[in-house]
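> Can you look at this prediction? I've put the sequence above it.
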Amino acid sequence: MANDDRARDQAWARKLPARVAREAIVCGVFDTIIRSYARKRIDGREHLDRLDGPAIFVANHCSHVDTPLLLRSLPRAVRRRTAVAAAADYFYTSRLLAGAVSLAFCTVPLERRGGGRGGSTASLQPLIDDGWSLVVFAEGTRSRDGRVAPLRTGAAMLAAAHGLPLVPIHIAGTHAAMPTGRGWMVRPAGGRRFARHELRVCFGAPIEVGPRDDRFEVMERVRQFMEACGAVTSPDPKLAARRAAAAAGSAGVDEAAAPVAPAAPGPTATGAPAVRAASTGGAAAPARVAESRSLR
């Protein structure tokens, strides 16, 4: 999969001439179109002042408007060295389409698996090694109803592997402005002829991700940020299962570590006091510890 993505990658789109053209496309053409259909508000951009290098930007996704809106919301110095992970099976099906999106948004192909349920991030690593930031739409596909689906963990894995901060982003209003299936932006329903939508991009504080951090817990922090911004979200069901397993394992270890109380003295065949054999509890403890480890 990774080799296929590298073959599809349009590396020329990251060269200086393409970057100059992209500034005109994003800040001129697309920004003008978006402004004619919507008013936009950007919150939390001061958090980006804390960045001193590349980062992984993680956002929700429910419209084709998301990409130009997000890129336009980034400071110029950050935007000019930021690429966007794009579905290879959607945007890279023809050379013309691949070239167009690569030039306009500096996309790089990401192979999705199982209809957007996951994806291979191996092809993105050389880009990050070269000092580029990356935008990842962590749901794997556009939302059909505006809600935020469970977030995939690839962004957290990339951040941990490369020691990069993870910046959560919530985008609101684009589902109504250009729903899935529409080829152009629309006016608000029931509004005046030149009524405009309200769009909002909210940046969160960078999340530092270490190599030992649980990727599901990291993405849960991203989900909680989006929910705090007003999004309707769906927690990853795998996270609840992992937490339950960890809790069960911790309980098993605590129980195994508890001291075994001696039995009350009593007569034996030899007349010596009887003490409950410590081996009874000792034999059970390794079994419970082994069971708890298998659940992790």
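Looks like it came in fine.
> list the contacts for the closest residue in space to residue 91 that isn't next to it in sequence?
Closest residue to residue 91 apart from its sequence neighbours, by Cβ to Cβ, 6 or more residues apart in numbering: residue 101 at 4.9 Å. Any C-beta I mention is one placed from the backbone N, CA and C, and that applies to glycine too. With contact taken as Cβ atoms under 8 Å, 6 or more residues apart in numbering, residue 101 is in contact with 86, 91, 107.
> if you look at the residues you listed, which of them are in strands?
Among the contacts of residue 101, the ones falling in strands (DSSP state E) are 86, 107.
> Can I have the buried ones of the contacts of residue 101 as a ChimeraX selection?
Filtering these down to the buried ones (16 or more other Cβ atoms under 10 Å) takes a single ChimeraX command:
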select :86,91,107
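> ok, the residue nearest to residue 91 to residue 9 distance?
Distance of residue 101 to residue 9, computed by Cβ to Cβ, to the nearest Å: 12 Å.
> likewise residue 195?
Counting by Cβ to Cβ, the separation of residue 195 from residue 9 is 40 Å.
> With neighbour numbers in mind, choose between those two.
residue 9 (22 against 12; other Cβ atoms under 10 Å).
> what are the ranges of the strands in the stretch 51-200 of the chain?
Secondary structure of the stretch 51-200 of the chain, counting by DSSP state E, counting those that start in this stretch: strands at 56-59, 82-87, 107-110, 112-113, 118-119, 133-137, 166-172, 197-203.
> Ok, which of those strands comes nearest residue 153?
Among the strands of the stretch 51-200 of the chain, strand 118-119 comes nearest to residue 153, with 8.8 Å by Cβ to Cβ.
> State the mean pLDDT of that closest one.
Mean pLDDT, computed over strand 118-119, is 49.
> follow-up on the earlier one: where among the strands of the stretch 51-200 of the chain is the average confidence lowest?
Among the strands of the stretch 51-200 of the chain, strand 118-119 carries the lowest mean pLDDT, a mean of 49.
> tell me the contacts of residue 197?
Taking Cβ under 8 Å, 6+ apart, we find residue 197 in contact with 37, 38, 39, 173, 176, 177, 188.
> May I ask which two of those residues are separated the most?
Longest span within the contacts of residue 197, Cβ to Cβ: 39 and 176, 12.8 Å.
> low-scoring stretches of the stretch 151-296 of the chain, by residue?
Where the stretch 151-296 of the chain drops to pLDDT under 70, the residues are 252-296.
> Could you report the neighbour count for residue 69?
Residues lying near residue 69 (other Cβ under 10 Å) number 25.
> Quick check: it touching residue 174?
Yes - contact criterion Cβ atoms under 8 Å: residue 69 and residue 174 qualify, at 6.5 Å.
> list the residues that contact both of the two?
When contacts are counted by Cβ under 8 Å, 6+ apart, residue 69 and residue 174 have residue 199 as shared neighbours.
> Assumed residue 238 was part of a strand.
No - applying DSSP: H, G, I helix; E, B strand; the rest coil, one finds residue 238 to be helix, outside a strand.
> what about it, distance to residue 223?
As for residue 238, its distance to residue 223 is 13 Å (criterion: Cβ to Cβ).
> More neighbours: which of those two?
Per other Cβ under 10 Å, whichever of residue 238 and residue 223 has more neighbours is residue 223, with 22 against 11.
> rewinding a little: can I get the contacts of residue 101 in a markdown table including distance to residue 28?
As requested, these are exported to a markdown table (distance: Cβ to Cβ, whole Å):
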| residue | distance to residue 28 |
| --- | --- |
| 86 | 21 |
| 91 | 22 |
| 107 | 19 |
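> Which one of the contacts of residue 101 is nearest to residue 74?
residue 107 (15.1 Å).
> pretty sure the closest one is touching residue 88, no?
No - using Cβ under 8 Å, residue 107 makes no contact with residue 88, being 9.7 Å away.
> Identify the residues contacting the residue lying closest to residue 229 once chain neighbours are set aside.
For residue 229, ignoring the flanking residues on the chain, the nearest one in space by Cβ to Cβ, 6+ apart is residue 170 at 4.0 Å. Listed by Cβ under 8 Å, 6+ apart, the contact set of residue 170 reads 59, 60, 200, 201, 202, 204, 225, 226, 229, 230, 231.
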